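# need the 3D shape of this:
(chains A and B, ligands or ions: 2)
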Amino acid sequence: MLTMTNISKVYRSEMVQTHALRDFNLQVNEGEFIAVTGPSGSGKTTFLNIAGMLETYTSGTYQLDDVDVGRLSDNGRAELRNQKIGFIFQGFNLIPDLNLYENVEVPLRYRGIKAAERKRRIERCLEQVGLGARAKHLPAQLSGGQQQRVAIARALAGEPRFLLADEPTGNLDSLMARQVMELLENINKDGATIIMVTHDPELARRAERNIQVVDGQICDFKLYQGGLEKQRAGAEA
Amino acid sequence: MSELKPIFNALWRSKTGALLLVVQIAVTLAIVSNAAFIIHDRVTFLNQDTGLKDENLFRFNLYTFGKNVDIGQQQEVDETLLRAIPGVADAVVINQVPLSGSGDSTSFHLKPTPEQSRGARASFFMADEHLLNTLDVKLEDGRNFTAADVVYSEGFEKSASVVLVTRSHLLDLFPEGDGLGKTIYLGDNPFQVIGIIAPMKGPWLDDEQADNVALIPQVMAAPFKRVLVRTEPGRRDEVMQQVEKLLLASESERVVSRITGVDKLVLEQTSQDRLMKNMLLVLITVLLLVTALGICGLALFNVGRRTRQIGTRRALGAKKSDIVRYFLLENTLVSLFGIVLGVGLALAMSDVLMRHYSLPSLDNWFILYSLAGIYLMGLVAVYWPAQRATQISPSIATRSV
Ligand SMILES: Nc1ncnc2c1ncn2[C@@H]1O[C@H](COP(=O)(O)OP(=O)(O)OP(=O)(O)O)[C@@H](O)[C@H]1O
Ligand SMILES: [Mg+2]
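Ligands and ions are numbered 1, 2, ... in the order given. The predicted structure follows:
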């Protein structure tokens, strides 16, 4: 459902050109949980941004559900982002002046969803991340882990087929990181395709498939078959 | 409307800047609407029809110091000389000059003193039978006075017995409109109203009875007198240059002074009003500019403060137009509160001005125009910052931690 062929991305500034991605090829299938690792500056965020249409690429083709992303206008990309993609950021990126309810509501409003349906979804998603009782709170009144869960609720509310997460646990301690990871695994079980950038090898191991990006290219990828099952068994024990 | 709710909530949670702006908009609205109203009032005043073509009229003073000059006789010689100048339409020796800003008025009554009766104040012009023609004012009803009606005197020992009046004055005395032909009194001197003249102003534009004018066929022989001359259109300057030499050639023991166009007298008389109008215009302009800058500045500040938030919104599916819309709606909210507060302030201010400076009460249309203007100006002022906000890349959301 997501196919990148020979994608490259060059950042040009006055003095230097940075080849953030070079001949990047990737095929992602529906329902996968992919962990992306790699050294700092290797192009992980660049890849994720291009996958999420937050940035345009320099050359190559990117096909998302039969849509040639390269042909979309700025508005077209915004619309597609809104409909198909949920984002989870390392810095949570909740809007500080909006309470949790209103934060989760943001993408739904851009989608043009009616008030009653918005309410239903927001309440369900906040419930799902365990924060149903705190809808009226402001982000600053929550811990980092809770904020990230709100961000996940916000990403889920749009019922996206794709969840893109850039180091979602990067700012969290290991306990909170584990909670967030479990949440993501559940979401994946419910059918969403997840691509997650992480520096944490333990978390990466729990994903179905690992991709390592080095120097703007996919270095190799290993399939951790059964990794997910192992993890689940561990959690139940 | 529901779109405004989260914008309002967000605004409310960090409200300091917005509140200041609300107050600024309110004060601006109050001052601008009142100032615009006063300007309009002054412009109406300045552009009023005086009934006189002041660009064709000029006046001068004539002071005779020669003890042996027969003033009464010289007066007639002067008038004949002036009327013969090429380009002169007509000229009269006159007690006071219309639109000059200085002169006399008096009250006419229905009965002679000391009887009590209805009275009405009017400014009065005294000259010979050329008066109406010199003023170039039409006779609307009745008859003009003739040479036979004119009384020549030293002072007030004799009095003319007929008078021409404006309809405004006559209606003050005879509200039924049947005043033509009736007799009215100045003190105990009777005057028959023989004609009604077209509307014209007396010496003062801001007088309450500026439209009440009486023309009396009487000429007093005094050493100091004023002369009013009407020229054909476009020939006033050339005539004005000849006057002094011509009159002194006829009789040299006198002084000709203050040869001045009546339009210039009007400008002098209205200089305060024009100054006020211009100052208020400057005030309005400065206020609007400062408010526009305030709106623009706060929006720019917010764009900077919310860079990450805007990038995140874009990542979550906001189009550029949604971002612009957010800023426009936010400004609409701020303006709305400013306007509600401002309307109250404007009315209170008008009330104070009314009581302390006897200004007419503020016409509500001016509040409406001003608030519409301020609102539109706010949208324009916020548009550029909003455009800058759309330039924020959605990738900010992942790039800034
Ligand atoms: N806006 C930009 N302009 C110029 N160069 C950029 C820009 N964004 C990223 N780069 C460069 O592109 C390269 C890839 O950056 P990217 O953020 O994708 O790395 P990353 O793998 O996410 O690193 P990290 O693990 O530190 O987050 C880096 O060399 C970076 O300096
Ligand atoms: Mg990164």
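# ok, then the element right after the longest helix seen in chain A?
If you go by DSSP state H, chain A has its longest helix at helix A:174-189. Reading on from helix A:174-189 to the C-terminus, the next helix or strand found by DSSP states H and E is strand A:193-197.
# any regions of chain A where pLDDT drops low?
Of all residues in chain A, those with pLDDT under 70 make up the ranges A:220-237.
# show me the helices in it, by range?
Secondary structure of chain A (DSSP H): helices located at A:44-51, A:74-84, A:100-111, A:115-128, A:144-157, A:174-189, A:201-206, A:227-236.
# the stretch 201-350 of chain B: helices as residue ranges?
Counting by DSSP state H, counting those that start in this stretch, the stretch 201-350 of chain B has helices at residues B:236-250, B:262-269, B:271-305, B:307-315, B:320-357.
# so which of those helices comes closest to ligand 1?
Of all these, helix B:307-315 sits nearest to ligand 1, with 12.3 Å by C-beta to the nearest ligand atom. Just so you know, the C-beta spots here come from the backbone N, C-alpha and C atoms, and that holds for glycine as well.
# hmm, the closest one touching ligand 1?
No. Shown here: helix B:307-315 not in contact with ligand 1 (C-beta under 6 Å from any ligand atom), separated by at least 12.3 Å.
# just the mean pLDDT for that helix, thanks.
Mean pLDDT, computed over helix B:307-315, is 95.
# quick check: bridge partners of the residue positioned nearest the centre of chain A?
Taking C-alpha atoms, centre = their mean, the centroid of chain A lies closest to A:Leu164, which sits 1.6 Å from it. Per DSSP bridges, the residues bridged to A:Leu164 are A:Phe87, A:Ile195.
# counting neighbours, what do you get for residue 104?
With no chain named, the answer covers chain A. If you count neighbours by other C-beta atoms under 10 Å in any protein chain shown, A:Val104 ends up with 29.
# that's the other chain; I wanted chain B
Neighbours of B:Asp104 under the rule other C-beta under 10 Å: 12.
# that one against B:Ile94, yeah?
No. The criterion here is C-beta atoms under 8 Å, and B:Asp104 misses it with B:Ile94 at 11.8 Å.
# excluding residues flanking it in the chain, which one is nearest the residue in chain A that chain B sits nearest to?
At 2.4 Å from chain B, A:Asn82 is the closest residue in chain A, using C-beta to the nearest C-beta. With C-beta to C-beta, 6 or more residues apart in numbering or on different chains as the criterion, A:Asn82 has its nearest non-adjacent residue at 2.4 Å, and that residue is B:Gly317.
# on that earlier part again, list the contacts for the residue nearest to the centre of chain A?
Shown in contact with A:Leu164 (C-beta atoms under 8 Å, 6 or more residues apart in numbering or on different chains): A:48, A:51-52, A:85-88, A:194-196.
# reformat those as JSON lines; add neighbour count.
Formatted as JSON lines, those follow (neighbours: other C-beta atoms under 10 Å in any protein chain shown):
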{"residue": "A:Leu48", "neighbour count": "23"}
{"residue": "A:Ala51", "neighbour count": "23"}
{"residue": "A:Gly52", "neighbour count": "26"}
{"residue": "A:Ile85", "neighbour count": "24"}
{"residue": "A:Gly86", "neighbour count": "28"}
{"residue": "A:Phe87", "neighbour count": "29"}
{"residue": "A:Ile88", "neighbour count": "25"}
{"residue": "A:Ile194", "neighbour count": "24"}
{"residue": "A:Ile195", "neighbour count": "24"}
{"residue": "A:Met196", "neighbour count": "26"}
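# need the contact list for the residue of chain A closest to chain B.
Counting by C-beta under 8 Å, 6+ apart, A:Asn82 makes contact with A:107, A:110-111, A:158, B:316-317.
# and stretch B:110-127, what's its mean pLDDT?
Averaged across stretch B:110-127, the pLDDT comes to 93.
# what about it, how long is it end to end?
End-to-end distance of stretch B:110-127 (C-alpha to C-alpha, to the nearest Å): 23 Å.
# shaky segments in chain B?
Applying pLDDT under 70 to chain B flags residues B:1, B:401.
# report the central residue of it.
Short answer for chain B (C-alpha atoms, centre = their mean): B:Phe45, at 2.4 Å.
# now the closest residue to that residue other than its chain neighbours: how far from B:Met279?
Once flanking residues are discounted, B:Phe45 sits nearest to B:Asp273: 6.1 Å by C-beta to C-beta, 6+ apart. From B:Asp273 over to B:Met279 the distance is 11 Å, taken as C-beta to C-beta, to the nearest Å.
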